[in-house]
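Undergrad: what's the 3D shape of this:
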Amino acid sequence: MAASSRAQVLRLYRAMLRESQRFTAYGYRTYAIRRIRDAFRENKHLKDSEEIQTLVNKARTNLEIIHRQVTIGQLYSTQKLVIESLENRDNLII
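TA: Take a look at the predicted model:
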């Protein structure tokens with residue numbers, strides 16, 4: 001993979017992870033992050049530049065979808081789950 005292509009893929013990977021961190025819902029956030037990491041790991045050994053470019057274009061489309069879903073999720077936010085709440089972590093007995 002060419003250095004510019006590698007940098008492009010890494011920028012896209014970081015952008016997708018960063019945008020996924022903005023999901024307000026815990027389940028969506030963890031699923032998106034796990035799915036992004038798994039997909040990039042699965043394809044990290046590809047050498048065919050045409051196939052890489054196809055996957056990069058697909059990832060850009062998915063980044064736009066993630067961005068839209070994050071925006072919609074912020075419009076209709078819900079209460080945090082117990083697992084997310086910082087106040088409840090201090091009161092837990094382990």
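Undergrad: Give me the buried positions along the longest helix seen in the chain.
TA: Looking across the chain with DSSP state H, the single longest helix is helix 49-75. Neighbour counts over helix 49-75 (16 or more other Cβ atoms under 10 Å) mark 52, 55, 59, 62-63, 66, 69-70, 73 as buried. (Each C-beta comes from the backbone N, C-alpha and C, glycine too.)
Undergrad: Over to stretch 15-30?
TA: Using 16+ other Cβ under 10 Å as the burial criterion, the residues of stretch 15-30 that qualify are 16, 19-20, 23, 25, 29.
Undergrad: between those, which is nearest residue 78?
TA: Set against residue 78, the nearest of those by Cβ to Cβ is residue 25 (7.0 Å).
Undergrad: Check the secondary structure at residue 82 for me.
TA: With DSSP: H, G, I helix; E, B strand; the rest coil as the basis, the three-state label of residue 82 is coil.
Undergrad: Give me the neighbour count for it.
TA: Residue 82: 11 surrounding residues under other Cβ atoms under 10 Å.
Undergrad: can you pull the pLDDT of it?
TA: On pLDDT, residue 82 comes in at 78.
Undergrad: Just the closest of the buried residues of helix 49-75 to residue 12, please.
TA: Nearest to residue 12 among these, with distances taken as Cβ to Cβ, is residue 59, at 5.3 Å.
Undergrad: so the closest one makes contact with residue 16?
TA: Yes. At 6.7 Å, residue 59 counts as touching residue 16 under the criterion of Cβ atoms under 8 Å.
Undergrad: Thank you kindly, that will do.
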